[in-house]
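>>> take this sequence and fold it.
(chains A and B)
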Amino acid sequence: MSEPLLKVESLRVLFGKVAALQDINFELRAGETLGLVGESGSGKSTLARAILRLTPAASGRVLWQGEDLLSLGTAELRQRRRDLQIVFQDPLASLNPRMSIGDALAEPLKIFEPTLPVAARKTRIAEMLDRVGLSADMVRRYPHEFSGGQCQRIGIARAMMLRPKLLICDEAVSSLDVSVQGQIVNLLADLQRNFGMAMLFISHNLAVVRHLSHRVLVIYRGRLVEMAETDALFAAPVHPYTRELLGEQVREATTTEQVTVGCAFQPRCAYAQPLCEASVPFLEDVATGHWAACHRWREVVYSSQHETRKSD
Amino acid sequence: MSANLHPTALPTLAIDNLSVRFGESAAVRDVSLRVEPGESVGVVGESGSGKTQVFMSAMGLLPPNARVQGSVRFEGTELLGVAPAVLNRVRGSKLTMIFQDPMTSLTPHLRIGIQLAEVLVTHSGSSWADAERAALLMLERVRIPEAKRRLRQYPHELSGGMRQRVMIAMSLLCEPSLVIADEPTTALDVTVQAQILDTLRIMRAELGMGIVLISHDMGVVAGLADRIVVMYAGRIVEQGPTAEMLRRPEHPYTAALLRCVPALSGPRLERMPSLPGQAPDPRRADQGCAFAPRCARAAERCRVEMPQLRALSRRHEAACHFPLSA
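Model prediction:
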């Protein structure tokens, strides 16, 4: 297998004394879509921001094509960033209300390709607008004149102007109507087919993640708890938290206190045992290409197979 | 269903020929709607469809530049154009509303207990001590863990799901006849969404109040509503019993919305189902069917003649010249 595009190693992010992320290890290959799911406060967005160095990491490495982004100087980092772009949840808030659509799309080109002649720049903008399903004559209009779905298309066009190798989508379809969500998801898939960029697709909407992702990471309270190929994860989830996300009965937590030792999911977990209170589980191989961080994963797998047989 | 059990009872909410305009834009166009006692109605539509504005007008919460016509009666009392004092006898006690964002619905610098008790002190004239006791009971009923401790906490100390349960508790304190829930789960995580809908379902079973559940997602309302009303471009385009609406939608727009609910199981599709095109301009003139430009079944007639809501079976109505069963 080729060298991964992005390799995150032992990444840790602290907010004061609280660890927002710890022991984050994963790889993203060129052209791959990696889904990232978890509840609010789990650290999904912090992970995106830490990769882009929008939030400082306490320790660990973010290897981009083999080079650690966390150790780069400001000027070098800025050069690398043209390859790593992000689309945010609120499409209107991520566009400057006083900047026309044409100016918003021209900005990345002016910064990274300052020698590009004006005519060529205009052509690139018109082409990209066309690619994202908008018309080229919209360049003189302003963000407030567009609907939420159209603003998100503009945000995506802006992120794609420099043909990045990685597009991070942080809840990029979450604030859109269901009827429009599908349009934007299909657009992202089309862009990937055309430009071949990798995507880190962050969402709490599991059905959308399932549709778009090759592999899925599940994050809970700042730690990765499961990682697998999409079909394997949805067909046979192993971690009790993933199983809950996928519709298993939700249990009320026995305590709402933050867990400081042991497995963070243990107060809610049907499989919890004293071991789970005492030590943090690390990601283990549970099948080919499938990892879960659960002391009791064998019991979970056994009992779910047993259940299936009963219901057959 | 309650509507059949009490055929002669006064509807809880009776909306007749309601129109809401903002300058050139028509947000709500001639909407008539009934909510019977104890009934749960799901109102579904895209953003801009007018679904929220219909109920904001009932609550007297429209901005001052809104021009409102028609009638909204709550248990027989007209709510449109009445003095705030009259409105305040009803809203917040017998007619309550829960919003999408539970953080901005609570006052950040007041303890949960005070905010809950205040409702009873204001509306029922309870003493603060009685009101706090009632607040505690209600927090327990909506299954907030460690309810007693929550009373002394501030909104920021609670999770989003817990804040939304506080809002539900608050909306139920005065034993309302009707609770309007506007996208109550949209801002919440998947697992919490299910819990909040469960809480609403359980509280309705225990207290018997009516519910209006507003959402852009058919999947959300399907589990709770007895009846579904679909709005498009300010108008009701279809309404009927939930099971029938899900199994045999008549309006092509309803069918498209149903297709858009993404699945967690079954084969993964090449393309995610979506509705092509844009929602219509709210300034557009009332001519023809507003959905025609996005409709695969549209014919010349749809562009010139506006379809009226008509009954296709006993309790199922659609506003379409070419309903799917035809």
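>>> drop to CA atoms for contacts and neighbour counts, all remaining ones
Will do.
>>> distance of B:Arg283 relative to B:Gly234?
Using Cα to Cα, to the nearest Å, we find B:Arg283 at a distance of 11 Å from B:Gly234.
>>> gap between the two ends of stretch B:132-151?
Per Cα to Cα, stretch B:132-151 runs 8 Å from first to last residue.
>>> contacts for that stretch next, please.
Stretch B:132-151 has contacts (Cα atoms under 8 Å, 6 or more residues apart in numbering or on different chains) with B:111-114, B:116-117, B:162, B:165-166, B:168-170, B:172-173, B:199, B:203.
>>> related to what we said a few turns ago, okay, B:Arg283 and B:Gly234: which has more neighbours?
Using other Cα atoms under 10 Å in any protein chain shown, the more surrounded residue of B:Arg283 and B:Gly234 is B:Gly234, with 23 against 13.
>>> quick one: the more buried one and B:Ser32, what's the gap?
Distance from B:Gly234 to B:Ser32, by Cα to Cα: 11 Å.
>>> what is in contact with B:Arg283 and B:Gly234 at once?
The contact sets of B:Arg283 and B:Gly234 overlap at B:Ala26 (Cα under 8 Å, 6+ apart).
>>> run through the helices of the stretch 1-150 of chain A in chain order.
A:44-51, A:74-81, A:101-112, A:118-131, A:148-160 (DSSP state H, counting those that start in this stretch).
>>> contacts only, for the closest residue to B:Pro176 other than its chain neighbours.
Counting by Cα to Cα, 6 or more residues apart in numbering or on different chains, B:Lys94 is the residue found nearest to B:Pro176 once chain neighbours are left out, at 3.8 Å. For B:Lys94, the contacting residues are B:174-178, by Cα under 8 Å, 6+ apart.
>>> list the contacts of the residue of the stretch 201-326 of chain B found nearest chain A.
Residue of the stretch 201-326 of chain B nearest chain A, by Cα to the nearest Cα: B:Ser274 (4.5 Å). Going by Cα under 8 Å, 6+ apart, B:Ser274 touches A:178-183, B:256, B:259-260.
>>> and if you look at B:Ala292?
B:Ala292 touches B:298-299, B:302-303, counting by Cα under 8 Å, 6+ apart.
>>> of these, just the buried ones, PyMOL syntax please.
Selection of buried members from those for PyMOL, criterion 16 or more other Cα atoms under 10 Å in any protein chain shown:
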select buried, chain B and resi 298+302+303
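>>> any chance of JSON lines for the contacts of B:Ala292, columns distance to A:Leu246 and pLDDT?
Listed next are the contacts of B:Ala292 as JSON lines, based on distance: Cα to Cα, whole Å; pLDDT from 0 to 100:
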{"residue": "B:Ala298", "distance to A:Leu246": "39", "pLDDT": "95"}
{"residue": "B:Ala299", "distance to A:Leu246": "42", "pLDDT": "96"}
{"residue": "B:Cys302", "distance to A:Leu246": "42", "pLDDT": "97"}
{"residue": "B:Arg303", "distance to A:Leu246": "44", "pLDDT": "95"}
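>>> of the contacts of B:Ala292, just say which sits nearest to A:Gly41.
Distance to A:Gly41 across the contacts of B:Ala292 (Cα to Cα) is lowest for B:Ala298, with 45.9 Å.
>>> phi first, then psi, for the residue nearest to the closest one when sequence neighbours are not counted.
Closest residue to B:Ala298 apart from its sequence neighbours, by Cα to Cα, 6+ apart: B:Ala292 at 5.3 Å. Note on B:Ala292: its backbone torsions stand at phi -50, psi -40 [degrees, to the nearest 10].
>>> kindly report the same for A:Ser40.
Note on A:Ser40: backbone dihedrals following degrees, to the nearest 10 are phi -70, psi 140.
>>> give me every residue that touches A:Trp297.
A:238-239, A:286.
>>> show me these that map onto strands.
Judged by DSSP state E, the contacts of A:Trp297 include A:Val286 as members of strands.
>>> of the contacts of A:Trp297 - the most surrounded one?
Most crowded among the contacts of A:Trp297, counting by other Cα under 10 Å, is A:Val238 at 28 neighbours.
>>> check what pLDDT the residue of chain A found nearest chain B gets.
The nearest approach of chain A to chain B comes at A:Gly182, 4.5 Å away (Cα to the nearest Cα). For A:Gly182, the pLDDT comes out at 91.
>>> not counting residues beside it along the chain, what's closest to it?
Closest residue to A:Gly182 apart from its sequence neighbours, by Cα to Cα, 6+ apart: B:Ser274 at 4.5 Å.
>>> if I look at the one you found, how far off is A:Ser174?
Remark: distance between B:Ser274 and A:Ser174 (Cα to Cα) = 15 Å.
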